[in-house]
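Visitor: no sequence on this one, just coordinates:
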């Protein structure tokens, strides 16, 4: 069984073909990073227009690489949300047009569940139960994956997500966009000389809050600038990252231990941060908890993960009603 998956939640136009054995036959991504880099971040209107320009070519490339045609496709999977509403509308409208004109069933997919499903592609033997740690640009979640279709939300972002905090701090440090990966590189050259706050919230909470940390970094930089004090960017980056990691590790390991899970599967763009992974791995070893993460090409927004989650949903629920709409605020 094959699904053709479409992902347009932000600034990547991606179409993939995935089968029911967790194999990715193609995963084409038309990135917009070079365009948005000029503006220091994603411009929604530009993103939407670029999706329209790229989506037909991306479809042709995905089918060609997989050596299939639309007649071979059993159903279409498409990101319903969350994301930028204009960008989502391009993908949803395109998917519906394909479905109706070719008489193919369609499945509406939650983008965040797609991130969780990305680990199934990389780790073909992975099965629930386990803890899913989702760290993306706009969202942070700790989920107890009890079964493929039964997820319990333990914690989520209350304000700035981990990826968002990375990008904002990178911008203040003058690293540019996208800044997360560059900030990690910079942090490796620095020392944790600055005592930035670790926000753990209420006792036993699994929620995340990185807004205060981001503000503390900005205040530190502004105060030093006003006093004409030298700012060692490497040390700022290292101290910031250590504060993020301390919170992520404590909450994730505690969730796994309290829920009696022996696997934590990280996903989302920030899961490509090897410093975070190594810190989790080291902490997990003390409690015999295995830490997994997807291949780098499946950590950022991509259609392969949407196809894998679409396959799971289709098997359990069947096709979606064609009248579903794009939902930019869809939660987990």
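Guide: Received the coordinates, thanks. Predicted, not measured: the structure shown is a model, and the values here were computed from it.
Visitor: Please make it C-alpha for all contacts and neighbour counts, starting now.
Guide: OK.
Visitor: for the stretch 151-300 of the chain, what spans make up the strands?
Guide: Remark: strands assigned in the stretch 151-300 of the chain by DSSP state E, counting those that start in this stretch are 263-267, 290-292.
Visitor: Pick the most buried one from the ones you listed.
Guide: When the strands of the stretch 151-300 of the chain are scored by mean count of other Cα atoms under 10 Å, the highest mean neighbour count falls to strand 263-267 (a mean of 27).
Visitor: List the strands paired with that one, with their directions.
Guide: Sheet pairing here is set by DSSP bridges, and for strand 263-267 it gives strand 130-135 (parallel), strand 290-292 (parallel).
Visitor: still on that earlier bit, possible to save the strands of the stretch 151-300 of the chain as a markdown table with distance to residue 79 and mean pLDDT?
Guide: Converted to a markdown table, the strands of the stretch 151-300 of the chain look like this (distance: least, Cα to Cα, whole Å; pLDDT from 0 to 100):
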| stretch | distance to residue 79 | mean pLDDT |
| --- | --- | --- |
| strand 263-267 | 17 | 97 |
| strand 290-292 | 24 | 98 |
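Visitor: mind checking which of the strands paired with strand 263-267 is nearest residue 25?
Guide: strand 290-292 (22.5 Å; Cα to Cα).
Visitor: Quick check: what element follows that closest one along the chain?
Guide: The first helix or strand that comes after strand 290-292 along the chain, using DSSP states H and E, is helix 303-317.
Visitor: Mind putting the strands of the stretch 151-300 of the chain into CSV with distance to residue 163?
Guide: Listed next are those as CSV, based on distance: least, Cα to Cα, whole Å:
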stretch, distance to residue 163
strand 263-267, 12
strand 290-292, 19
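Visitor: Looking at stretch 223-237 now, give me its mean pLDDT.
Guide: For stretch 223-237, mean pLDDT is 94.
Visitor: Off-centre distance for that stretch?
Guide: Put simply, stretch 223-237 sits 31 Å off its chain's centre (Cα atoms, centre = their mean, to the nearest Å).
Visitor: From the opening residue of that stretch to its closing one, how far?
Guide: Stretch 223-237 has an end-to-end distance of 16 Å (Cα to Cα, to the nearest Å).
Visitor: other SSEs contacting the helix or strand containing residue 54?
Guide: Using DSSP H and E, the element containing residue 54 is helix 44-66. Secondary-structure packing of helix 44-66 (3 or more Cα pairs under 8 Å, 6 or more residues apart in numbering; DSSP states H and E): strand 12-19, strand 24-31, helix 85-102.
Visitor: Could you look over these and pick the most buried one?
Guide: It is strand 12-19: most buried of the helices and strands packed on helix 44-66 by mean count of other Cα under 10 Å, with a mean of 27.
Visitor: Check which helices and strands that strand sits against.
Guide: Looks like strand 12-19 contacts strand 2-7, strand 24-31, helix 44-66, helix 303-317 (3+ Cα pairs under 8 Å, 6+ apart).
Visitor: Can you convert the ones you listed into CSV and add a column each for mean pLDDT?
Guide: What follows is the helices and strands packed on strand 12-19, written out as CSV (pLDDT from 0 to 100):
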stretch, mean pLDDT
strand 2-7, 98
strand 24-31, 96
helix 44-66, 97
helix 303-317, 97
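Visitor: so can I have a markdown table of these showing distance to residue 273?
Guide: Listed next are the helices and strands packed on strand 12-19 as a markdown table, based on distance: least, Cα to Cα, whole Å:
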| stretch | distance to residue 273 |
| --- | --- |
| strand 2-7 | 22 |
| strand 24-31 | 20 |
| helix 44-66 | 25 |
| helix 303-317 | 19 |
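Visitor: Residue 229 is nearest to which of these?
Guide: Across the helices and strands packed on strand 12-19, closest to residue 229 is helix 44-66 (Cα to Cα), at 37.5 Å.
Visitor: tell me the angle of that closest one relative to strand 12-19?
Guide: Here helix 44-66 runs at an angle of 30 degrees relative to strand 12-19 (axes from the mean of the first three to the mean of the last three Cα atoms, to 10 degrees).
Visitor: From here on, call the first residue 344.
Guide: I'll keep to 344 as the first residue from here, and by that count the last item is helix 387-409.
Visitor: Okay, buried residues for helix 387-409 please.
Guide: Of the residues in helix 387-409, 387, 390-391, 393-395, 397-398, 401-402, 404-406 count as buried by neighbour count, 16 or more other Cα atoms under 10 Å.
Visitor: Over to stretch 453-465?
Guide: 453-465.
Visitor: Show me what the nearest residue to residue 610 once chain neighbours are set aside is bridged to.
Guide: Counting by Cα to Cα, 6 or more residues apart in numbering, residue 610 lies nearest to residue 477, which is 4.9 Å off, once chain neighbours are set aside. In this entry, residue 477 is beta-bridged to residue 484, residue 610, by DSSP bridges.
Visitor: What about residue 477, how many residues nearby?
Guide: Per other Cα atoms under 10 Å, the neighbour tally for residue 477 reads 24.
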